[in-house]
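Q: Sequence first, then the predicted structure, then my questions.
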Amino acid sequence: MGIRTGNEYINALKSRQPEIWLGGEKVTDVVNHDVFRQPVKEIAKLYDLQHDPEYQDRITHICSETGERANNSFLLPRTAEDIKARSEAFEVHARATFGLMGRTPDFLNTVVTNMAGNPWFLDKYNPDWSKNLIEYYNYIKKNDLFLTHAIINPQNDRSKASYEQEDLFTHLGVVEEKPDGLIVRGAKMLATLAPITDEVIIYSFPGFQPGDERYALAFAVPVDTPGLKLLCREQMQDGTRSVFDHPLASRFEEMDAVLAFEDVLVPWNRVFMYNNVEAANLLYSKTGINQQPAHQSGVRGYVKLEFATEVACKLADSIGVDQYLNVQTDLGELVQNVETIRALLRVAEQEYETMPTGEVRPAAAPLETIRGMLPKMYPRAIEVMQIIGAGGLLMSPTAADFENQELRSHLDKYYAGREGVSAEERVHLFKLAWDLCGEAFGQRLLQYERYYTGDPIRKRAIFYNQYKRNKQFTSVEQALAASPPLKKQVTKAK
Ligand SMILES: Cc1cc2nc3c(=O)[nH]c(=O)nc-3n(C[C@H](O)[C@H](O)[C@H](O)COP(=O)(O)OP(=O)(O)OC[C@H]3O[C@@H](n4cnc5c(N)ncnc54)[C@H](O)[C@@H]3O)c2cc1C
């Protein structure tokens, strides 16, 4: 089949009946549900981009093995041109949602592509696992499927390992082996967009200890697999709010869900790993899934930061406050942050690393630096937006107010911006900014940037420890050598 259209994606959603729980009720028609209708359309647009003559050659390629078109996120990079092709596809996808949807299909495509592109790793433990992964990669690529993932255990008692929790199956683990597969039970979080995806893939961050064997597993199942419950968080828009009043929240709600597995059967051909603490701890680093997907996240984060920066600049301009030095300094800082991330991306792409397998990976250090900086830079952009928008962010009238003829002339006078900015334009812009910096929708976007790639505090500590392991601190040694230790100097003086 190759690349899907938006309609083919929607029809696939319609053909399934996953067990989705939202607000105490089962969602039976996700495509036509108020909360999901618009996000489904936004994802469908991404699939349609693959067929748009303006974008097709920029975001897809002809697969040399199958002769079919595939998204560039399914391309395991072997040349600098491949890295560029992926970068361009990531950026086109990100720009379509202003970077506000983090788990668009291209993200997990990169994860599975890398796992399957490094079969040597799982081969060492069990050749069936790598064979299953390669078959799975070919399957999702051929059918252009949309995956969600859940790699974190629910927050129960973080001071204890999974096997030490009160119930052995609070965290997702293997219950038993059956002739036709594994029975798994327990929960994983936090599967973004799960209700509108085709498949769920489970793997974990490293950190397993002896005793955690039953939890050290990786597999994939269709989202409507019997026994799998999708427990959604409360929605941040109900699908009925005005598009004028909520230009972003009304379009880009990325629902998150806890996945609860109630004795789910995972067929053997969908098992990629189990009962192996060592393999689970090494999966990330050895298959490159800490690196290649960070390229997609970095490009997407760059687009989002640039968007938030542009909103802050437009806000300031619309009410004439960017005449003031303090506002200029704040905005200058945001623009420099965007430039920093752009520069890091270019360094990562140009100073790529070549693996013994021939795979090329954008350089790890700049990608990891982006991961460390965005959780600070994005909240800063939101803070500046709040400071510049000030009281005006809270005082915007609604679309309904503008539509009332009795009110309209008053609004046109009192809500106008600087010369040349009408009341309607200014209010519309402030509402867009409020979606980003005030609404629950915007708070989730901020929380996403802090945590989407793991705990930024521990990630930065790991980064430092790796830096220390690889660095000789030679320049310090050289500087010290030029001025010998005190004892020798004293001796020499004598
Ligand atoms: C909006 C959003 C979307 C997400 N989407 C996805 C997704 O699609 N798929 C997915 O799998 N995950 C997703 N995540 C989850 C993300 O991976 C986790 O939030 C992240 O890994 C942090 O884990 P946690 O939330 O369980 O926090 P915790 O690990 O519980 O941390 C809570 C706090 O305690 C501290 N802490 C905890 N343990 C330690 C320790 N051992 N040492 C030092 N400090 C510690 C942390 O620094 C932090 O401040 C998403 C998260 C968010 C916010």
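A: Structure received.
Q: And the residue nearest the centre of the chain?
A: Gly102 (3.7 Å; C-alpha atoms, centre = their mean).
Q: May I ask you to confirm that it belongs to a strand?
A: No - under DSSP: H, G, I helix; E, B strand; the rest coil, Gly102 sits outside any strand and is assigned coil.
Q: Would you agree it is in contact with Tyr448?
A: Yes - under the criterion of C-beta atoms under 8 Å, Gly102 makes contact with Tyr448 at 5.7 Å. From N, CA and C alone the C-beta is placed, and that goes for glycine too.
Q: okay, and the common contacts of the two?
A: Residues touching both Gly102 and Tyr448 by C-beta atoms under 8 Å, 6 or more residues apart in numbering: Glu254.
Q: now the residue nearest to the centre of the chain: how far from the ligand?
A: 7 Å (C-beta to the nearest ligand atom, to the nearest Å).
Q: just Asp34 next, same as before
A: Asp34 sits at a distance of 21 Å from the ligand (criterion: C-beta to the nearest ligand atom).
Q: can I assume that residue is in contact with Gly239?
A: Yes - if you go by C-beta under 8 Å, Asp34 and Gly239 touch, sitting 3.1 Å apart.
Q: Pull the contacting residues for Arg342.
A: Arg342 makes contact with Tyr302 under the criterion C-beta under 8 Å, 6+ apart.
Q: Over to Arg185?
A: 169, 172-173, 175, 261-264.
Q: Now do the same contact list for the residue in the stretch 301-450 of the chain positioned nearest to the ligand.
A: In the stretch 301-450 of the chain, no residue comes nearer to the ligand than Tyr448, which is 3.7 Å away by C-beta to the nearest ligand atom. Counting by C-beta under 8 Å, 6+ apart, Tyr448 touches 102, 254.
Q: Show me how far whichever strand or helix holds it is from its chain's centre.
A: Element membership for Tyr448, per DSSP states H and E: helix 440-451. Relative to the chain's own centre, helix 440-451 is displaced by 11 Å; criterion: C-alpha atoms, centre = their mean, to the nearest Å.
Q: buried set for it?
A: For helix 440-451, burial by neighbour count (16 or more other C-beta atoms under 10 Å) applies to 441-442, 444-446, 448-449.
Q: now for those, which pair is the farthest apart?
A: Among the buried residues of helix 440-451, the pair separated by the greatest distance (C-beta to C-beta) is Phe441 and Glu449, at 13.5 Å.
Q: Alpha carbons of the helix holding Tyr448, as CSV, please.
A: C-alpha atoms of helix 440-451 as CSV (Å, rounded to 0.1, in the frame of the first residue of the first chain):
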residue,chain,number,x,y,z
ALA,A,440,-5.1,24.3,30.4
PHE,A,441,-4.2,23.4,26.8
GLY,A,442,-1.2,25.7,27.0
GLN,A,443,-0.1,24.4,30.4
ARG,A,444,-0.1,20.9,29.0
LEU,A,445,2.1,22.1,26.1
LEU,A,446,4.5,23.5,28.6
GLN,A,447,4.5,20.3,30.7
TYR,A,448,5.0,18.4,27.5
GLU,A,449,8.2,20.4,26.7
ARG,A,450,9.5,19.7,30.2
TYR,A,451,8.9,16.0,30.3
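Q: and the following helix or strand past that helix with the ligand, contact?
A: Reading on from helix 440-451 to the C-terminus, the next helix or strand found by DSSP H and E is helix 456-470. Yes - against the ligand, helix 456-470 shows contacts by C-beta under 6 Å from any ligand atom at 457-458.
Q: so helix 456-470 versus helix 440-451, what angle?
A: For helix 456-470 against helix 440-451, the angle by axes from the mean of the first three to the mean of the last three C-alpha atoms, to 10 degrees is 20 degrees.
Q: contacts for helix 456-470?
A: Under C-beta under 8 Å, 6+ apart, the answer for helix 456-470 is 368-369, 371-372, 375, 450, 453.
Q: Ramachandran angles for Ile319?
A: Dihedral pair for Ile319: phi -120, psi 10, per degrees, to the nearest 10.
Q: Could you pick out the residues of the stretch 351-494 of the chain near the ligand for me?
A: So the stretch 351-494 of the chain meets the ligand at 444, 447-448, 451-452, 454-455, 457-458 (C-beta under 6 Å from any ligand atom).
Q: Adding pLDDT, write the residues you listed out as a markdown table.
A: Shown next, in a markdown table, are those (pLDDT from 0 to 100):
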| residue | pLDDT |
| --- | --- |
| Arg444 | 98 |
| Gln447 | 97 |
| Tyr448 | 97 |
| Tyr451 | 95 |
| Tyr452 | 93 |
| Gly454 | 90 |
| Asp455 | 91 |
| Ile457 | 92 |
| Arg458 | 91 |
